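Chemist: A predicted structure for the sequence below; I have some questions about it.
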Amino acid sequence: MVTAVTAALCLSLWLLALQKIPARERFNGQPVFPKDWSAGPMEAKRLFMAGVLETYEKLIGQMLQQLPAPPTPLTPQAESNELPAGGGGEAGGGGEAGGGVRAELSYVLKKVQELRRHRYQEQEALLQELRALGQLQMDNRVVQSKALWELPWLYEEASSLHNVKMEGRRRRRQVRRVRTRPSA
């Protein structure tokens with residue numbers, strides 16, 4: 001796992017160097033993904049990470065689509081676009097550098113997909129359910145009626161989830177107090 005992380009980090013730095021984006025734009029103080037997500041509970045962090053990994057999967061897929069198709073050796077363009085090995089071409093450049101970028105991006109995409117598949121399956125299912133909630137037809141009178149009918153049960157369920165969380169904290173505190181009392 002550590003080697004995959006190291007490889008992904010090195011590849012992302014290499015790919016970053018190939019993109020011709022000025023530093024003032026890249027480091028403008030507005031990150032793509034918020035940094036304050038790590039302060040919440042673990043399940044919220046895992047859910048957020050599942051969404052981030054999905055976004056990276058789409059982003060890298062888009063980057064792969066934007067790369068020009070690798071030229072075939074039979075076309076005269078294939079000879080004129082080739083760059084020397086390690087020639088630091090632009091991410092969109094053709095020839096060997098473009099092929100290298102494509103291979104490296106594909107590798108990073110594969111690693112992101114593996115991480116999502118092996119570590120974030122439950123969160124992915126939850127994200128799908130949340131997306132389905134966003135697709136509800138709010139202006140449909142049948143949906144509105146059903147939602148109002150289900151509200152008391154869902155409201156009670158939502159309230160009890162909070163109470164269960166508080167009860168768990170209370171029990172842990174009580175157990176600690178019992179253990180720390182001196183025996184007579």
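Modeler: All right, it came through fine.
Chemist: now residue 68: how far from residue 111?
Modeler: For residue 68, the distance to residue 111 (CB to CB, to the nearest Å) stands at 24 Å. Where C-beta positions appear, they are placed from N, C-alpha and C, glycine not excepted.
Chemist: give me the more crowded residue out of those two.
Modeler: Set side by side, residue 68 and residue 111 give different neighbour counts by other CB atoms under 10 Å, the larger being at residue 111 (16 against 13).
Chemist: I'd say the more buried one and residue 8 touch.
Modeler: Yes: with contact defined as CB atoms under 8 Å, residue 111 counts as touching residue 8 (5.2 Å).
Chemist: after the lowest-mean-pLDDT helix or strand in the chain, which helix or strand is next?
Modeler: The helix or strand with the lowest mean pLDDT-type score in the chain, counting by mean pLDDT, DSSP states H and E, is helix 76-81 (a mean of 47). For helix 76-81, the following helix or strand on the C-terminal side (DSSP states H and E) is helix 95-119.
Chemist: which strands or helices does that following helix pack on?
Modeler: Under the contact criterion of 3 or more CB pairs under 8 Å, 6 or more residues apart in numbering; DSSP states H and E, the helices and strands touching helix 95-119 comprise helix 2-18, helix 42-66, helix 76-81.
Chemist: can you redo these as a markdown table with mean neighbour count?
Modeler: Converted to a markdown table, those look like this (neighbours: other CB atoms under 10 Å):
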| stretch | mean neighbour count |
| --- | --- |
| helix 2-18 | 12 |
| helix 42-66 | 15 |
| helix 76-81 | 12 |
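Chemist: among those helices, which is nearest residue 140?
Modeler: Among these, helix 42-66 comes nearest to residue 140, with 27.2 Å by CB to CB.
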